[in-house]
Structure formats: C-alpha cells, structure tokens
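K.L.:
below are the sequence and a predicted model; questions follow.
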Amino acid sequence: MFDTFLLVLIILSLVFIILKIVGKFSRLININVDNLPEVKIQRQKEAILKSRLERSWLGIFDKFKVLLKPAKGKLKSGLKQYYKKLKNIEKDIRLRGFEKLSSSVDRSQAIDEILTTAKQHINNEEYNQAEETILDAIGIEQHSIDAYKLLAEVYRLKKEYSQAKETLEYLLKLTHTEDPDVYYSLADIAKERGNLKQAEEDYIKSISLSDDNYLYLLSLAEVYTDLEEEEKALETAQKALLSAPNNPKILDFLINISIIMSDKELAFDYLDKLKEVNPENQKIANFIERIDNL
C-alpha cells in the first residue's frame, strides 16, 4: 500500500513541475519579440533546456518504475499466497465436516456425490477443478479405488502421464494386482506414449484377468497392427468377435486387417456380417471398393 502511495505522489510531483515549466515558456511565447536575434537564441536555449528537463524527469520516472517493480511482484505474490491460504482453510473446513459422517454408508454416499461432481467437471473439461474435487473424496476415504481410478483418468486427460502412471501403480497395491481395468489403463498410457511393447504386456495382463472383455482384446489387436504383427492382430480380433459377435467396431477392424493381409475372401465374409448387423454403415461402399482392388 505504501509503495502505491509513493508512486502516486511521485507522479503528481512530476506533473506539477512540468506544468510550471511549460507555463513559463507559454508566457514567453505570447511576447511579440520574434524579430530580436537575442530572443531567438534564448528561445533555442530554453527549448533545449525544456527538452533536457523532460528527458531527465522521464529517466527518473523510469528508474522509479524499475525500483517499484519488485515491490509490485511481491504484492502479487503475497495476494496469491493469501488466496492459497484461504483455499486451504476452506478445504480443511470441508474435510472436518466430512469427518463428522458417522457411518460408512454416509461416507460412501458422500464420496459418490463428490465423484459425480468431479465427473461433471471432467465433462466440462475443467480438469483442475476435477482433480481438487477427487482429492476431497480421497480425504474422506484414503483407499477409495473409484476415486483413484478417476484421478488417474484426469491425469491422462491433462497429459500428465507420469502422475497417471504413479496413481495406477498405487491402485495395483490397493487391488492386489487383480483389477483388469488398472492394467488396461496402464496399457492405454503406454500406447499414448508410444511404448507399444509395454502396452502389449499390460493389455495381456488385463486380458488374463478378464479374457472375455472384447475392449481389452480389440485394443491389443490394434497394438499388434501398429507393431505390424498382422497374424496376431487377426487372431486377437477374432477372439474379441466371439465375445461380441455383432459389434460393428470389431467387424470394421477385421475387414481392415483382412485387406491389409490381402485376404479378399475373408474380407468379404466380414463385410457380409457388417451388412447384416449395420446395413446403414457409411463405410460399406468404401470397403467394397478396396476389396475389389485386391
């Protein structure tokens, strides 16, 4: 506050001095002495003096701005710290309120409501707010598996892959390495980071815990395609189709991999199946053209 008052006082003083100087020069100008050589010389001197004074005061003002800049930075930093402190107090009050929840049923219901709010933040792409909200849930129940899963998803969406991976690895401890979704999420992160072999390994672990989940199988098939292991991709996608016989996405994949492998007959077989389950599929015409060109 003192720094701001000092700055205002300096500016007002400068304005007053400059106005005084300008006023004196204005009075000189009003005198009709244009034809006197000595007056012309004096005016030139005064103009030079005026210019030097203005530059001098501007220089002083710039120096004061430089001197006051750290104080301004400190003021902003102080306000940020104060705001952070208020947020922490607010959070502490909320958590103390949650501690008063008497039964496990009440605590579970509170966590469900908090995570619902967090999901709304995620849908609105408000990832920082979602993270803070989920941490509130973890504050109530430090071993909430659902909360940690959602937190890992938020980190993924923020592309903070290291934090997401650490959260999922902690989840493995909480679930005694028996949750296929955790391995599936780890595989997704590895794939997004371009580590296809690690993604393959984690997808296989998720499938070992849930071998009839077509999403796990299809994701693994896609990794095999990226690895240019078409035979494995085809075999894995066929297993996925056994779990979801009418899934258009799996059929789409099988048609594409058959075309890549130049297996015209197999491609038409899966295309016929796609026509049965999804006759309005807009890719059908393109598939027919591509297969005919084999």
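P.N.:
Nice, thanks for sending it over. Residues are numbered from 1 along each chain as shown.
K.L.:
element containing Lys128, please.
P.N.:
Not quite, residue 128 is Asn, not Lys. helix 127-140 (DSSP states H and E).
K.L.:
what is the burial count for Glu235?
P.N.:
Glu235 sits with 14 neighbouring residues when counted by other C-beta atoms under 10 Å. C-beta coordinates here come from the backbone N, C-alpha and C atoms, glycine included.
K.L.:
give me the contact list for the helix or strand hosting it.
P.N.:
For Glu235, the element it lies in under DSSP H and E is helix 230-243. The contact list for helix 230-243, computed with C-beta atoms under 8 Å, 6 or more residues apart in numbering, reads 212-214, 217-218, 220-222, 224-225, 247, 250-251, 253-254, 257-258, 260-261.
K.L.:
in helices only, show me those residues.
P.N.:
Among the contacts of helix 230-243, DSSP state H puts 214, 217-218, 220-222, 224-225, 250-251, 253-254, 257-258, 260 in helices.
K.L.:
now, of these, which are buried?
P.N.:
214, 217-218, 220-222, 224-225, 250-251, 253-254, 257-258 (16 or more other C-beta atoms under 10 Å).
K.L.:
so for Lys149, what's the pLDDT?
P.N.:
Looking at Lys149, its pLDDT stands at 94.
K.L.:
ugh, wrong one, His143
P.N.:
87.
K.L.:
show me what contacts the closest residue to it other than its chain neighbours?
P.N.:
Take His143 and drop its neighbours on the chain: the residue closest to it by C-beta to C-beta, 6 or more residues apart in numbering is Leu174, 5.8 Å away. By C-beta under 8 Å, 6+ apart, Leu174 lies in contact with His143, Ile145, Tyr148.
K.L.:
what about burial for the residues you listed, which qualify?
P.N.:
Buried among the contacts of Leu174 (16+ other C-beta under 10 Å): Tyr148.
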